[in-house]
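# Pasting the sequence and the predicted coordinates here, then a few questions.
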Amino acid sequence: MSWAVVPAAGRGARFGGEVPKQYLEVAGEPLLAHTLRALCAHPGVDGAVVVLAEGDARWPGWAEMAGKPILACVGGGERADSVLAGLAALPESVRADDFVLVHDAARPNLHPDDLTQLLERGRGDPVGAILAAPVRDTLKRAGDDAGIDATEPRERLWRAFTPQLFRRLQLSRALEAARDEGVAVTDEAMAMERLGFRPLLIEGREDNLKVTTAADLVLFEFLVSRKNP
Ligand SMILES: Nc1ccn([C@@H]2O[C@H](COP(=O)(O)OP(=O)(O)OP(=O)(O)O)[C@@H](O)[C@H]2O)c(=O)n1
Ligand SMILES: C[C@](O)(CO)[C@H](O)COP(=O)(O)O
């Protein structure tokens with residue numbers, strides 16, 4: 001079993017609007033509820049630490065979700081700062097070498113089969129693993145104008161998703177090293193890669209979307225409607 005750290009301290013600048021996207025409602029519940037339930041309903045998850053923005057007045061204060069304990073702490077200015085805060089807020093029962101999941105609050109459509117694969121195969125890896133999907137589109141590098149500067153080779157390029165699964169202390173140290181060296185990491189794997197580790201890529205479903213813009217929310221609403229016709 002593993003605990004999860006759920007970074008939910010973002011402001012949703014790309015989405016826009018007053019309400020941070022993790023609190024926008026779909027099917028009568030905030031995105032964050034969908035995300036936490038997708039994690040906590042899985043038998044391989046012990047509970048979750050939700051990382052909130054300073055002064056978050058919208059946090060409903062859930063103490064449990066799907067029968068699993070929910071803790072909360074305050075995050076930081078960048079996603080990596082929030083993940084570090086969440087790792088520090090895990091219960092003392094989570095040992096230094098225990099595997100921990102990190103999963104974006106903004107990814108509400110995590111499928112249980114993907115989580116099963118990540119936990120089963122990731123725990124068998126000496127370093128850890130992430131859910132991801134191979135790039136299937138042609139990639140263009142944009143110039144300063146709207147023109148195309150180049151087509152980038154896409155062989156062996158993957159899009160990283162979350163959850164990402166790493167050992168608690170090793171991940172904390174990797175994130176601290178990146179922070180101390182002034183390197184902005186956009187996911188946990190990047191912090192591990194910087195130290196020479198090669199986390200395992202596990203192909204996950206393309207519908208494990210990150211709600212970043214309004215169009216993503218419409219897609220998630222459709223996906224939920226298909227689950228609950
Ligand atoms: N300082 C931050 C920034 C982001 N996140 C979380 O990290 C996840 C992925 O980040 P992103 O999709 O970029 O969310 P926002 O930062 O809110 O979006 P934006 O960049 O458009 O402001 C989200 O669940 C977000 O809440 C966080 O916990 N702490
Ligand atoms: C962690 C992540 O979801 C993996 O793709 C992504 O890096 C988050 O990026 P964001 O700009 O913080 O949403």
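Perfect, thanks for sending it. On a predicted model such as this, the values are computed, not experimentally measured, just so you know. Ligands and ions are numbered 1, 2, ... in the order given.

# what about the one residue in the chain that gets nearest to ligand 1, distance to Leu209?
In the chain, no residue comes nearer to ligand 1 than Gly10, which is 2.1 Å away by CB to the nearest ligand atom. Heads up, the C-betas are built off the backbone N, CA and C, glycines and all. Relative to Leu209, Gly10 is positioned 15 Å away (CB to CB, to the nearest Å).

# Tell me which of the two has more neighbours.
Set Gly10 next to Leu209 and count neighbours by other CB atoms under 10 Å: Gly10 wins out with 21 against 18.

# Identify the residues contacting the residue lying closest to the more buried one once chain neighbours are set aside.
Leaving aside its sequence neighbours, Gly10 sits nearest to Pro20 (CB to CB, 6 or more residues apart in numbering; 6.5 Å). By CB atoms under 8 Å, 6 or more residues apart in numbering, Pro20 lies in contact with Gly10, Arg11, Gly12, Ala53, Arg58.

# Please identify, among the residues you listed, the one with the most neighbours.
Gly10 (21 neighbours).

# Quick check, that residue in contact with Gly77.
No - with contacts counted by CB atoms under 8 Å, Gly10 stays clear of Gly77, the gap being 10.4 Å.

# residues from this protein in reach of ligand 1?
By CB under 6 Å from any ligand atom, the part of the chain that sits against ligand 1 consists of 7-15, 22, 51, 75-79, 82, 104-106, 210, 212.

# the helices in this structure, which residues?
Secondary structure of the chain by DSSP state H: the helices cover 31-40, 79-88, 112-122, 168-180, 188-193, 214-227.

# between the lengthiest strand in the chain and helix 168-180, what angle do the directions make?
Taking DSSP state E as the criterion, the chain has its longest strand at strand 158-167. The directions of strand 158-167 and helix 168-180 differ by 120 degrees, with axes from the mean of the first three to the mean of the last three CA atoms, to 10 degrees as the criterion.

# For the residue of the chain closest to ligand 1, what are phi and psi?
Main-chain dihedrals, Gly10, degrees, to the nearest 10: phi -70, psi 160.

# Check the gap between it and Val50 for me.
Gly10 sits 12 Å away from Val50, going by CB to CB.

# For stretch 63-78, output the C-alpha coordinates as PDB.
Once non-C-alpha atoms are left out, stretch 63-78 reads as follows in PDB (Å, rounded to 0.1, in the frame of the first residue of the first chain):
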ATOM      1  CA  ALA A  63     -11.000  13.900   6.900                       C
ATOM      2  CA  GLU A  64     -11.600  10.800   4.800                       C
ATOM      3  CA  MET A  65     -12.500   9.800   1.200                       C
ATOM      4  CA  ALA A  66     -13.600   6.300   0.200                       C
ATOM      5  CA  GLY A  67     -12.800   5.100   3.700                       C
ATOM      6  CA  LYS A  68      -9.200   6.300   3.500                       C
ATOM      7  CA  PRO A  69      -7.700   9.100   5.700                       C
ATOM      8  CA  ILE A  70      -7.100  12.600   4.200                       C
ATOM      9  CA  LEU A  71      -4.600  15.000   5.700                       C
ATOM     10  CA  ALA A  72      -3.900  18.500   4.500                       C
ATOM     11  CA  CYS A  73      -1.000  20.900   4.500                       C
ATOM     12  CA  VAL A  74       0.100  24.200   2.900                       C
ATOM     13  CA  GLY A  75       2.100  24.200  -0.300                       C
ATOM     14  CA  GLY A  76       4.400  26.700  -1.900                       C
ATOM     15  CA  GLY A  77       4.900  29.000  -4.900                       C
ATOM     16  CA  GLU A  78       5.800  26.200  -7.300                       C
END
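
# now that stretch, how far from the chain's geometric center?
Distance, stretch centre to chain centre, for stretch 63-78: 13 Å (CA atoms, centre = their mean, to the nearest Å).
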